[in-house]
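> Next input, structure requested:
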Amino acid sequence: MTLRFSVLASGSTGNAFYIESDQQRILVDAGLSGKKLDNLFAKIHVNPANLSGILVTHEHSDHIKGLGIFARKYNLPIYANEKTWKAMDGQIGKLSIDQKFQFNMGEVKTLGDIDVESFGVSHDAAEPMFYTFRKSDKKVALVTDLGYVSDRIKKTVEDADAYIFESNHDVEMLRMGRYPWSVKRRILGDSGHVSNEDCGLALADIISNRTKRIYLAHLSLDNNMKDLARMSVKNVLTERGIEIDLFDTDPEEPTALYEVI
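From the prediction side, this is the model:
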């Protein structure tokens, strides 16, 4: 086995991503209740007691809601950067010192047989960062919660076998929607979230012949729809001569475990 993964949950109500190899079973974020996380793992037939650890992207509640509970229940190590640790203080309860590990932005950590690289993103959190995962010649990139996709990020995540990539909102739905203008401005800004069209434009710059799967992630419940996101991203890619299958993620149901081959 090289790498297998499931998007356990994705959206503004809660996020969790699972990736495994022969030696490692890693959870990224725990933005749902402990009970809900247990249920999601059961649906993909993975026992959370066998997890190797939890990586944290940033301190927003839709990414850490169940973090403390889950880590205590299964006695799991947690990895986050220093500013995120400070920002989470008071939100995740008490953890023993041997559960707290630092993972700096821009660092590559080898966890068992997986090389994990962290990279910073533009988002309104203390020091938000996401991850790429490599084993042998396979690469999976997790990229959500960012206002725009910089050239630096594109270079870090380019040429992956699979992407979990933010396609948060349709700009017109957001502009016409019920959110107050201050919230709309935040989402549309450089520290907000990536739109469907900008998702397509970024993907067109980074995917290659080796890219087999793209999962559209972190869709807004109010300002997007799965069909619309898929159509919008597909249109941008088709205009650039790129044909590739796009897959949905869901805030309530995990994607089937997918093996990168």
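
> Please name the nearest non-neighbouring residue to residue 29.
residue 63 (4.2 Å; C-beta to C-beta, 6 or more residues apart in numbering). Every C-beta, even on glycine, is put in place using the N, C-alpha and C of the backbone.

> how many neighbours does that neighbour have?
When counting by other C-beta atoms under 10 Å, one arrives at 25 neighbours for residue 63.

> what's the helix or strand for it?
helix 61-64 (DSSP states H and E).

> and after that helix, which helix or strand comes next?
Following helix 61-64 in sequence, per DSSP H and E, is helix 67-74.

> Which is the succeeding secondary structure element to that following helix?
strand 78-80.

> That following strand packs against which elements?
strand 53-55, strand 100-102 (3 or more C-beta pairs under 8 Å, 6 or more residues apart in numbering; DSSP states H and E).

> Can you give the distance of the last one from its chain's centre?
Translated: strand 100-102. Distance of strand 100-102 from its chain centroid, counting by C-alpha atoms, centre = their mean, to the nearest Å, is 20 Å.

> swap in stretch 217-231?
Taking mean C-alpha positions (C-alpha atoms, centre = their mean), stretch 217-231 and its chain are 15 Å apart.

> how about that stretch: buried residues?
217, 218, 219, 220, 223, 224, 228, 229, 230 (16 or more other C-beta atoms under 10 Å).

> And these, which is closest to residue 12?
residue 220 (6.0 Å; C-beta to C-beta).

> Relative to residue 18, how far out is the closest residue to residue 20 other than its chain neighbours?
Nearest non-adjacent residue to residue 20, counting by C-beta to C-beta, 6+ apart: residue 4, 5.2 Å away. Taking C-beta to C-beta, to the nearest Å as the measure, residue 4 falls 9 Å from residue 18.

> Check residue 194 too.
For residue 194 relative to residue 18 (C-beta to C-beta), the value is 22 Å.
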